[in-house]
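Engineer: Got a predicted structure here, sequence first:
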Amino acid sequence: MQAMRGWVTRYAPWVGLVSILGTTQHALAGDYEGSPQVAEFVGEMTRDYGFAGEQLMGVFREAERKQSILDAISKPAERVKQWSEYRPMFITDARIARGVDFWRQHEAVLARAEQEYGVPAQVIVSIIGVETFFGRNTGNFRVIDALSTLGFDYPPRAEFFRKELREFLLLAREEQVDPLTLKGSYAGAMGLPQFMPSSFRAYAVDFDGDGHINIWTNPDDAIGSVASYFKRHGWVAGEPVVSRADVRGEQVDAGLTTGIEPTKTAGELRALGWSSHDALRDDMPVTAFRLEGDKGPEYWMGLKNFYAITRYNRSVMYAMAVHQLSEQLVQARGVK
């Protein structure tokens, strides 16, 4: 990662908003020239976090409003409604083969991450595979453009993206990198594991000990950061992820979970006609869901580790894709 170009220092002096406007209103020449929102945001960053106002305004002078980002986030998502359509998008021969190669290439680092955090190597590999195809698709938008565009020009979620913009500028300062050089998705997700800036600052780790956290081009840091994320979100080493269920009776649908949070226990589901393929304690909280597979409906109970995967992306199908890809990776690699 590139070194800072002097745009801000860790202990930059506080600069008042009046001073900022007085010294930069004629210099600002980019897409956010004269924006009251940007001036207010810069004022907050100088007051609350000690940024140098003139230099921060220089960053926004280079930031670009991207209509393509607004189009992408405003376009209704093309929702794949059935598991039978969703699963083949992620569990492919090419992704499995590339995953096995990635695992072998980084075997020692993955083993260390598993030992430190208790997260299986195949789950870490699967996340990186689902998110970016092992670094092939990490995003081509400058993060500063993505977060500025959405923070200042997308009212429905402006507050969220301004918070992420704040976190991004803080991480750039902490990691001593030029914020104009870092790239990610149209929503500002970054690197091999596609962390948002707030997740980066909360969970990313310097896993190779070089003094910097680089999830863009350093697989060691990406691997350690994914493991750190799951550990912090409740992953339990050695525990299963899901249990297949058979169902019968008229109360089966009453057991289905609305949303992601586990609202019923395995015992309550049994009373509603659910029968797990595995021995589960009656008091175990589970997320109960049905998927429409190639051979008809599939009933599943998601356990604590399943819920941990949904904290990465709040989607039952996403979590199942990660889990089943991890199983396929183990099988393809020949690891028991």
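Structural biologist: Good, I have the coordinates. Numbering: from 1, shown residues only.
Engineer: which helices and strands does the helix or strand in which E54 is found pack with?
Structural biologist: In this structure, E54 sits in helix 53-62 according to DSSP states H and E. Using 3 or more C-beta pairs under 8 Å, 6 or more residues apart in numbering; DSSP states H and E, the elements in contact with helix 53-62 are helix 17-24, helix 36-49, helix 143-153. For every residue, glycine as well, the C-beta is placed using N, CA and C.
Engineer: The longest one vs helix 53-62, what angle?
Structural biologist: Counting by axes from the mean of the first three to the mean of the last three C-alpha atoms, to 10 degrees, helix 36-49 points 140 degrees away from the direction of helix 53-62.
Engineer: ok so, going back, how about TSV for the helices and strands packed on helix 53-62, with mean neighbour count, mean pLDDT and distance to R79 added?
Structural biologist: Rendered in TSV, the data for the helices and strands packed on helix 53-62 read as follows (neighbours: other C-beta atoms under 10 Å; pLDDT from 0 to 100; distance: least, C-beta to C-beta, whole Å):
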stretch	mean neighbour count	mean pLDDT	distance to R79
helix 17-24	15	34	43
helix 36-49	17	97	32
helix 143-153	25	98	21
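Engineer: can you put the ones you listed in a markdown table and add distance to L170?
Structural biologist: Shown next, in a markdown table, are the helices and strands packed on helix 53-62 (distance: least, C-beta to C-beta, whole Å):
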| stretch | distance to L170 |
| --- | --- |
| helix 17-24 | 18 |
| helix 36-49 | 7 |
| helix 143-153 | 12 |
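Engineer: before we move on, the earlier item: from the chain's centre, how far out does the helix holding E54 sit?
Structural biologist: Here the centre of mass of C-alpha atoms in helix 53-62, compared against the chain's by C-alpha atoms, centre = their mean, to the nearest Å, lies 28 Å away.
Engineer: so after that helix, what's the next helix or strand?
Structural biologist: Of the helices and strands lying after helix 53-62 in sequence (DSSP H and E), the nearest is helix 67-74.
Engineer: Please identify the buried residues of that next one?
Structural biologist: Within helix 67-74, the residues that count as buried by 16 or more other C-beta atoms under 10 Å are I69, I73.
Engineer: so what does the following helix or strand past it touch, helix or strand wise?
Structural biologist: With elements assigned by DSSP H and E, the helix or strand that comes after helix 67-74 is helix 83-90. Packing partners of helix 83-90 (3+ C-beta pairs under 8 Å, 6+ apart): strand 285-293, helix 316-333.
Engineer: Check which helices and strands the last one sits against.
Structural biologist: Judged by 3+ C-beta pairs under 8 Å, 6+ apart, the packing partners of helix 316-333 are helix 83-90, helix 93-105, helix 121-132, strand 285-293, strand 296-302, helix 304-310.
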